[in-house]
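>>> kindly generate the corresponding structure for this input.
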Amino acid sequence: MRVLVTAASRHGSTREIAAEIAATIRATGIDAIEREPRDVINLDGYDAVILGSAIYVGQWLGDAKDFADRHAEALRERRTWLFSSGLANQPSKDANNAPALLARMQQLQVEGHRHFPGKLDVLQLSLAERAAIMAARGKYGDSRDMNAVRAWARDITSALTAVPSRS
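Prediction:
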């Protein structure tokens with residue numbers, strides 16, 4: 001069994017979450033391959049896909065949205081999970097469950113979605129990003145819970161080994 005783990009990340013935090021997911025899956029003996037969304041040409045050879053994105057202004061990044069649109073048919077034929085990473089203490093937590101994301105989940109017939117708190121390193125942000133974070137009353141720091149990430153990856157592994165794939 002081969003699982004593709006791909007995530008759009010602006011500053012690397014979401015990519016690190018994807019790497020942790022892939023490492024956890026590999027530790028169970030399943031082949032988990034990490035790729036950048038824009039580098040994936042097709043989904044041939046993958047039995048399942050985990051697609052993630054950082055969230056900015058309540059939206060997934062373009063690379064993740066483009067990946068989902070480009071591979072929509074192939075994703076519907078495979079077991080697919082989505083994850084998002086963004087501000088943990090945003091005033092409007094609904095921004096992390098935007099209608100566009102819910103519509104994408106239905107379109108792709110995903111098995112599930114998980115939101116993980118992210119990491120904000122002030123030194124990696126542009127001046128405009130810093131201003132947006134201040135306006136949203138966002139908090140800097142690393143709010144990621146890698147134990148929760150690993151637990152979710154183990155849940156996916158259990159689901160993959162318990163139920164036959166779609167294809």
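>>> what's the burial count for H115?
For H115, the number of neighbouring residues by other C-beta atoms under 10 Å comes to 16. In short, each C-beta sits where N, CA and C put it, glycine included.
>>> given the helix or strand harbouring it, what are its sheet partners and their directions?
For H115, the host element (DSSP states H and E) is strand 112-117. When pairing is defined by DSSP bridges, strand 112-117 lines up against strand 79-86 (parallel).
>>> distance from the strand it pairs with to the middle of the chain?
On the basis of C-alpha atoms, centre = their mean, to the nearest Å, strand 79-86 sits 4 Å off its chain's mean C-alpha point.
>>> buried stuff in that strand?
Buried residues in strand 79-86, defined by neighbour count with 16 or more other C-beta atoms under 10 Å: 79-86.
>>> ok, the residue of the chain most remote from its centre to D142 distance?
What lies farthest from the middle of the chain is L127; by C-alpha atoms, centre = their mean that is 25.5 Å. L127 is 21 Å from D142, where distance means C-beta to C-beta, to the nearest Å.
>>> same check, this time on R114
Taking C-beta to C-beta, one finds R114 at 18 Å from D142.
>>> those two - which one has more neighbours?
Ranked by neighbour count (other C-beta under 10 Å), R114 and D142 place R114 first, with 20 against 14.
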